[in-house]
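>>> After the sequence you'll find the predicted model.
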Amino acid sequence: YRDTDVEYLEIATKPHLIISSSSQHPVLYQWNRGTNNFADPVDIPDMEDVYAVKHFKVKEDIYVCLTRFIGDSKIMKWTGSKFLDLQRMPSRGSMVFQPLQIKNYQYAILGSDYSFTQVYFWDAGKAKFVKFQELNIQAPRSFTHVFVDKQDFLFASSFKGTTVIYKHIIIDLSA
């Protein structure tokens with residue numbers, strides 16, 4: 001089946017897994033207490049060859065970032081019975097599409113082997129991500145938020161270069 005990633009999440013307080021694969025659609029499984037295993041697979045439609053899957057929440061809504069190396073990556077929203085397409089991001093060469101929350105700010109970072117890494121910011125009014133910033137990281141593979149000594153940092157691992165550390169700062173432009 002050539003599985004590439006597994007993401008655990010809870011939907012309506014019930015344990016679920018999403019398994020991505022390079023040979024089929026991502027599949028959502030729900031934990032079955034009676035059989036003590038993850039069962040009842042449901043395909044996440046219109047997404048093939050997904051390299052990685054990560055989820056995040058905005059208030060009570062559940063979203064997933066689906067990463068594709070070839071084609072567009074997607075943000076999908078859980079509607080109560082299935083995931084629906086919300087937003088597409090051009091992502092040729094991407095192996096990581098990582099949602100991160102820093103303080104009250106929700107971001108999604110789309111790393112690429114062929115171009116600049118795109119940082120997207122969640123626009124609550126539009127209920128979608130908007131382009132926010134570009135970062136120059138060679139072949140990023142993961143992004144991690146670290147809070148140390150009252151400061152927020154973003155660690156970006158690189159497959160072809162050195163790990164890069166960014167400091168998260170807030171600039172007040174209201175004055």
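Received it, and whenever you're ready, just let me know what you need. Keep in mind it's a predicted model, so treat the numbers as computed, not measured. Numbering: from 1, shown residues only.
>>> Show me where the protein dips below the pLDDT cut-off.
Counting by pLDDT under 70, the chain shows low-confidence ranges at 1.
>>> ok, now which residue in it is the farthest from the centroid?
The centre of the chain is farthest from one residue, Ala175, which by C-alpha atoms, centre = their mean lies 33.8 Å away.
>>> ok, Val42 - contacts?
27-29, 82 (C-beta atoms under 8 Å, 6 or more residues apart in numbering). Where C-beta positions appear, they are placed from N, C-alpha and C, glycine not excepted.
>>> bridging residues for it?
Under DSSP bridges, the beta-bridge partners of Val42 are Leu28.
>>> Tell me the spacing between it and Glu7.
Distance of Val42 to Glu7, computed by C-beta to C-beta, to the nearest Å: 14 Å.
>>> Same question for stretch 84-100: list its buried residues.
Residues 87, 89, 91, 94-100 are the ones in stretch 84-100 that count as buried (16 or more other C-beta atoms under 10 Å).
>>> show me the contacts for Pro15.
Contacts for Pro15 (C-beta under 8 Å, 6+ apart) come out as 8, 30-31, 38.
>>> One more pass at 7 Å, please.
Applying C-beta atoms under 7 Å, 6 or more residues apart in numbering to Pro15 gives the contacts Trp31.
>>> How many residues are close by Gln30?
Other residues near Gln30 come to 15 when the count uses other C-beta atoms under 10 Å.
>>> let me fix that: Leu17
So Leu17, with other C-beta under 10 Å, has 16 neighbours.
>>> Phi and psi next, for it.
Per-residue torsions, Leu17: phi -130, psi 140 (degrees, to the nearest 10).
>>> hang on, the earlier thing: can you tell me which two in the contacts of Val42 are farthest apart?
Greatest spacing in those, by C-beta to C-beta: Tyr29 and Lys82 (13.7 Å).
>>> Compare the two (neighbour count), which wins?
Counted by other C-beta under 10 Å, Tyr29 and Lys82 do not tie: Tyr29 has more neighbours, with 17 against 13.
>>> any idea how far Tyr105 is from the residue farthest from the centre of the chain?
Computed as C-beta to C-beta, the Ala175 to Tyr105 distance reads 20 Å.
>>> Good, wrapping up.
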